[in-house]
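Asks: Prediction below, plus the sequence it came from.
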Amino acid sequence: MIDIILHQPEIPQNTGNIGRLCAFNGCRLHLIHPLGFEINDRNLRRAGMDYWSDLDVIEHKNWGAFLEHPSRPSKVHLLTTHAKQTIWDVKFEKGDGLLFGNEGHGAPEFIHQWVDSRLQIPKYNDRLRSLNLAVAVGIASYEALRQIN
């Protein structure tokens with residue numbers, strides 16, 4: 001229904017949990033390399049690798065390969081703490097992509113310039129910076145799926 005796109009994720013447990021979530025909710029997962037781990041890493045396996053066979057996952061060797069891939073979503077929303085709009089301010093449609101930067105650095109500036117929209121998850125404590133990547137993917141993906149369904 002929607003595509004989850006991880007740009008150079010660094011923590012295998014997060015990616016494993018996101019893979020498990022995508023297998024569960026029917027979202028396609030795009031992994032844009034380089035990754036901060038090996039796909040067969042034991043931590044990734046512990047977090048969700050047993051679901052990997054049920055997962056629709058596409059690995060891209062870099063950002064350029066993602067852009068050229070025929071299965072790339074035509075509309076991509078970047079989830080970022082730097083956004084003004086929230087996930088409640090946009091109408092998601094079937095086939096949209098939700099793009100997430102990595103845990104250490106977020107998304108690079110060139111990606112901010114490329115995307116269709118920049119969105120944030122509403123927060124109620126301005127002293128806190130951000131959520132865990134896997135938690136953010138869960139919240140955003142289910143809001144998109146709620147709207148579509």
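Replies: Nice, thanks for sending it over.
Asks: Identify the residue spatially nearest to Asn132, adjacent ones excluded.
Replies: Sequence neighbours aside, Asn14 is the residue nearest to Asn132 in space, at 6.9 Å (criterion: C-beta to C-beta, 6 or more residues apart in numbering). For glycine as for every other residue, the C-beta is placed from the backbone atoms N, C-alpha and C.
Asks: I'd guessed that neighbour sits against Val135; true?
Replies: No. Taking C-beta atoms under 8 Å as the definition, Asn14 is not a contact partner of Val135, at 9.1 Å.
Asks: Compare the two and say which is more crowded by neighbours.
Replies: Per other C-beta atoms under 10 Å, whichever of Asn14 and Val135 has more neighbours is Asn14, with 26 against 15.
Asks: pLDDT at that one, what is it?
Replies: Asn14 is assigned a predicted lDDT (pLDDT) of 92.
Asks: name the element it belongs to?
Replies: Take DSSP states H and E as the rule and Asn14 turns out to sit in helix 12-25.
Asks: And that helix, what's buried?
Replies: By neighbour count with 16 or more other C-beta atoms under 10 Å, helix 12-25 contains the buried residues 12-23.
Asks: Which one of the residues you listed is nearest to Glu143?
Replies: Nearest to Glu143 among those, counting by C-beta to C-beta, is Leu21 at 13.4 Å.
Asks: Excluding sequence neighbours, find me the nearest residue to the closest one.
Replies: Leaving out its chain neighbours, the residue that sits closest to Leu21 by C-beta to C-beta, 6+ apart is Gly138, at 5.7 Å.
Asks: Just the terminal-to-terminal distance for stretch 123-140.
Replies: 13 Å (C-alpha to C-alpha, to the nearest Å).
Asks: buried stuff in that stretch?
Replies: Applying 16+ other C-beta under 10 Å to stretch 123-140 flags 131, 133-134, 136-138, 140 as buried.
Asks: Count the neighbours of Asp3 for me.
Replies: Residues lying near Asp3 (other C-beta under 10 Å) number 23.
Asks: gap between the nearest residue to it once chain neighbours are set aside and Leu55?
Replies: Computed as C-beta to C-beta, 6+ apart, the closest residue to Asp3 that is not its neighbour in sequence is Gly97, at 4.1 Å. Gly97 sits 16 Å away from Leu55, going by C-beta to C-beta, to the nearest Å.
Asks: Give me the more crowded residue out of the two.
Replies: Each of Gly97 and Leu55 has its neighbours counted (other C-beta under 10 Å); Gly97 has more, 22 against 18.
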